[in-house]
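Colleague: output the structure for:
(one chain, ligands or ions: 1)
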Amino acid sequence: MKKHATKEVKRHYKRVIDFGCCISRNPLCIVHHCHGGSMVQAWGNKSQSQRGISDFLVIPLHPHYHTGQEGIHTLGVDLWETMYGPQTELLEWVNNLLDYDIYELARKGKNGFDTD
Ligand SMILES: [Zn+2]
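Modeller: Numbers count the residues shown, from 1 in each chain. Below you'll find the predicted structure:
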């Protein structure tokens, strides 16, 4: 059965999307669940999954940088991070814009997901 995001997660996605793409600042963007690459050093092997380790560890990406020509899912995490920077730094940018701590929420555990 497919899990759906909780209200808290949906609210978080909306906040993150409202910041605009973290690469291009384009307001058209969707959430990407950070995983692999720099996330492995920071969070361990469980972050290898494409769904990431938490619904709170997401960054806003324009489709071009997500699944498009220069997308993280197209190029692969390692190459993409050398071009656009570590996901851990982009998460830091997101966290600094919020009035709550995404790392603390992530440590509390996953709340279901409806996108990758
Ligand atoms: Zn993604």
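
Colleague: phi, psi of the nearest residue to Y103 once chain neighbours are set aside?
Modeller: Distance criterion Cβ to Cβ, 6 or more residues apart in numbering; nearest residue to Y103, sequence neighbours excluded, is N95 at 6.9 Å. Any C-beta I mention is one placed from the backbone N, CA and C, and that applies to glycine too. Phi and psi for N95, reported as degrees, to the nearest 10, are phi -60, psi -40.

Colleague: can you check the pLDDT for N95?
Modeller: Here the pLDDT value assigned to N95 is 98.

Colleague: restrict the helix or strand hosting T74 to CA atoms and write it as PDB.
Modeller: Using DSSP states H and E, T74 sits in helix 72-75. Below are the C-alpha coordinates for helix 72-75, written out as PDB (Å, rounded to 0.1, in the frame of the first residue of the first chain):
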ATOM      1  CA  ILE A  72      20.300  14.600 -10.200                       C
ATOM      2  CA  HIS A  73      18.400  11.400 -11.100                       C
ATOM      3  CA  THR A  74      19.700  11.700 -14.700                       C
ATOM      4  CA  LEU A  75      23.400  12.400 -14.000                       C
END
